[in-house]
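In: sequence first, then the predicted structure, then my questions.
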Amino acid sequence: MPSEWSPAVGARRGGAPTEAAGDRGAITMTTIIDGNEIGDRIRADVGDCVEALADAGVTPGLATVLMSDDEASETYVSMKQRACEEIGIESYHHEIDADAPAERLFDRVEELNADPSVDGVLVQMPVPDHVDARRVLRSIDPMKDVDGFHPENVGRMVSGDPRYKPCTPHGIQKLLAAVDVDTEGKDAVVVGRSDIVGKPMANLLIQKAPGGNATTTVCHSRTEDLAAKTRQADIVVAAAGVPEMIDGSMLSEGVVVVDVGVNRVDADTEKGYELVGDVEFESAKRKAAAVTPVPGGVGPLTIAMLMYNTVKAAGLRAGVDVELP
Ligand code: GUN
């Protein structure tokens with residue numbers, strides 16, 4: 001197992017090898033949560049808001065900035081641009097050489113902050129090591145911070161008055177709601193403590209608000225006996241970035257599993273790799289009441305919620321009320 005995460009201590013291997021039921025007695029099917037379908041529905045609703053804004057003479061604009069040679073980051077950014085164009089959001093893309101001076105990025109962000117055609121500014125993370133990532137997040141105008149990463153927006157979320165919720169955790173709330181998983185009173189375990197997913201996810205889950213009210217544990221690379229924690233969970237959100245680190249032996253019957261991991265592992269395919277999640281899908285499926293696949297689970301929701309935040313930003317800036325889903 002790569003990274004500093006310790007393997008599940010004493011995890012039981014295997015479990016009932018039935019396709020559908022696990023040890024749950026009566027045959028119960030596992031729901032494979034279709035993120036593409038849920039994301040499409042949200043995007044269609046957000047698209048209606050774009051039309052309403054157009055009636056008011058407003059075209060939302062999203063600027064993406066990529067300062068990286070990483071192939072996966074390039075792919076994510078182009079997916080975001082394409083999604084914008086599909087629903088009528090104007091997209092502006094900016095690339096900066098990965099070895100350019102950091103100031104070039106900060107200057108560009110400043111220009112975009114001042115640009116009246118731009119409602120949202122997104123700098124794709126990670127940025128190169130010579131660029132101070134926290135300064136990048138602070139440099140974006142909080143009103144244009146459609147990622148929800150600026151300290152002002154993080155503070156608003158934590159205090160229960162969110163402006164822009166971070167896209168992936170917000171998307172996970174939407175995804176759970178779409179399959180009628182009520183988080184209230186549930187034991188949720190978030191595996192991973194990144195600023196992008198783990199921390200905001202845990203925060204949203206504890207909020208006294210729809211999609212919250214869960215008793216939430218955050219596990220990370222120093223957690224002892226991870227499996228003991230995940231086995232207590234009604235809902236597991238796996239966001240550690242470690243391929244297939246959670247398997248069915250670490251889960252209880254009837255759990256809902258949300259897999260945020262998108263890990264490239266070597267494989268005998270045309271591209272030389274395949275994508276796997278942080279969850280070992282087949283064994284998790286035997287235990288879970290519902291599980292997200294990789295790909296096609298959380299990813300489409302992240303993009304849908306970016307569209308949502310961009311439209312919200314445009315509405316706020318233009319002073320036009322939009323009825324977001
Ligand atoms: N890198 C991975 N996920 C994200 C995201 O949601 N936003 C940005 N800006 N960068 C990312």
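Out: Yes, it's here. This one's a predicted model, so the numbers in the text were calculated from it and none came from an experiment.
In: check contacts around the residue of the chain found nearest the ligand.
Out: Nearest residue of the chain to the ligand (C-beta to the nearest ligand atom) works out as Met125 at 3.6 Å. No exception for glycine: its C-beta is placed from N, CA and C like everyone else's. Met125 makes contact with Ala133, Val136, Ile196, according to C-beta atoms under 8 Å, 6 or more residues apart in numbering.
In: again with Thr168
Out: Ile196, Val197, Pro200, Met201, Ala239, Val260, Val298, Leu301, Thr302, Met305.
In: give me the buried positions along the helix or strand where it lies.
Out: Using DSSP states H and E, Thr168 maps to helix 167-178. Buried positions in helix 167-178, judged by neighbour count with 16 or more other C-beta atoms under 10 Å: Cys167, Thr168, Pro169, His170, Gly171, Ile172, Gln173, Lys174, Leu175, Leu176, Ala178.
In: how about stretch 265-283?
Out: Neighbour-count burial for stretch 265-283 flags Leu275, Val276, Gly277, Asp278, Val279, Glu280, Phe281, Ser283 (criterion: 16+ other C-beta under 10 Å).
In: can you pull the alpha-carbon coordinates of it into CSV?
Out: Presented in CSV, the C-alpha positions along stretch 265-283 are these (Å, rounded to 0.1, in the frame of the first residue of the first chain):
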residue,chain,number,x,y,z
VAL,A,265,-2.8,2.5,-11.4
ASP,A,266,-0.7,0.7,-13.9
ALA,A,267,-2.8,-1.7,-16.0
ASP,A,268,-2.6,-3.6,-19.3
THR,A,269,-4.8,-1.2,-21.1
GLU,A,270,-4.3,1.0,-24.2
LYS,A,271,-3.3,3.9,-22.0
GLY,A,272,-1.2,1.8,-19.7
TYR,A,273,-3.3,2.6,-16.6
GLU,A,274,-6.8,2.3,-15.2
LEU,A,275,-8.7,4.5,-12.8
VAL,A,276,-9.6,3.0,-9.4
GLY,A,277,-11.1,4.6,-6.4
ASP,A,278,-10.1,4.6,-2.7
VAL,A,279,-12.5,1.8,-2.2
GLU,A,280,-12.2,-1.8,-3.5
PHE,A,281,-15.5,-1.8,-5.4
GLU,A,282,-16.4,-5.5,-5.6
SER,A,283,-15.9,-6.3,-1.9
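In: how far away from the center of its chain is stretch 263-275?
Out: Put simply, stretch 263-275 sits 22 Å off its chain's centre (C-alpha atoms, centre = their mean, to the nearest Å).
In: again, but for stretch 165-172
Out: The answer for stretch 165-172 is 5 Å, by C-alpha atoms, centre = their mean.
In: same thing with stretch 32-41?
Out: That offset, for stretch 32-41, works out to 14 Å (C-alpha atoms, centre = their mean).
In: hmm, who's touching it?
Out: The contact list for stretch 32-41, computed with C-beta under 8 Å, 6+ apart, reads 171, 174-175, 178-179, 258, 285, 290-293, 296-301, 303-304, 325.
In: please identify the buried residues of it?
Out: Those would be Ile33, Asp34, Gly35, Ile38, Gly39, for stretch 32-41 by 16+ other C-beta under 10 Å.
In: narrow the residues you listed to those in strands?
Out: Among the buried residues of stretch 32-41, no residue falls in strands (DSSP state E).
In: touching, Arg135 and Phe106? I think so.
Out: Yes: applying C-beta atoms under 8 Å, one finds Arg135 in contact with Phe106, separated by 7.3 Å.
In: and the stretch 1-150 of the chain, which residues reach the ligand?
Out: Taking C-beta under 6 Å from any ligand atom as the contact definition, the stretch 1-150 of the chain meets the ligand at Leu122, Val123, Gln124, Met125, Asp147.
In: no more questions from me, cheers.
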